[in-house]
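A.B. asks: A structural model of the following input is requested.
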Amino acid sequence: PRELLERPYLHPAYDEPEFVVRNLWRLWGGWYDQNPAHLKPAPERDLAAELAAAAGGAGRLAERAMGLLERGELRLAAHLAETAAQAAPEDREVARVRSEVYARRAEAETSTMARGVFHWASAE
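C.D. replies: Here you go, the predicted model:
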């Protein structure tokens, strides 16, 4: 609840409530997330290549990611930037967009864990 998160001694600093809930679900509910496509998924790189092809190329996905980033849609921007990078791992412009998206995500986070992961992704 918001009123609990506002208490200074319960402010998420290292971890986040979202991570805790996800891990509890995994512990007690199993790994299946109710999306049947995740039951036996295609390799992420293959899926990324298909999505990029459908969108007109990895560069188009990266452009869209930048548009989302400018609108403050950081989570969606990260999905598109990551998909573009998986589809075109040698494309420097796609890599630059991915780096910028994750740098902005890191700036927006409050927990050490999320900032660390996003800083790593930005520098990768």
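A.B. asks: contacting residues around residue 106?
C.D. replies: 114-115, 118-119, 122 (C-beta atoms under 8 Å, 6 or more residues apart in numbering). No exception for glycine: its C-beta is placed from N, CA and C like everyone else's.
A.B. asks: list the buried residues of the host helix or strand of it.
C.D. replies: According to DSSP states H and E, residue 106 maps onto helix 92-108. For helix 92-108, the neighbour count (16 or more other C-beta atoms under 10 Å) marks 94-95, 97-106 as buried.
A.B. asks: pull the contacting residues for residue 3.
C.D. replies: Not one residue lies near residue 3 by C-beta under 8 Å, 6+ apart.
A.B. asks: switch to 10 Å and redo it
C.D. replies: residue 10 (C-beta atoms under 10 Å, 6 or more residues apart in numbering).
A.B. asks: local confidence estimate at it?
C.D. replies: For residue 3, the model assigns a pLDDT of 88.
A.B. asks: roughly how far apart are it and residue 37?
C.D. replies: 37 Å (C-beta to C-beta, to the nearest Å).
A.B. asks: hmm, back to that, nearest to residue 82 among the buried residues of helix 92-108?
C.D. replies: Using C-beta to C-beta, residue 98 is the member of these that sits closest to residue 82, with 6.6 Å.
A.B. asks: please tell me how far that closest one sits from residue 108.
C.D. replies: 16 Å.
A.B. asks: could you do residue 36 as well?
C.D. replies: As judged by C-beta to C-beta, residue 36 and residue 108 stand 32 Å apart.
A.B. asks: ok, residue 80 next?
C.D. replies: For residue 80, the distance to residue 108 - C-beta to C-beta - is 17 Å.
A.B. asks: same question for residue 28.
C.D. replies: 30 Å.
A.B. asks: check residue 23 too.
C.D. replies: Separation of residue 23 from residue 108 (C-beta to C-beta): 22 Å.
A.B. asks: do the same with residue 39
C.D. replies: As judged by C-beta to C-beta, residue 39 and residue 108 stand 32 Å apart.
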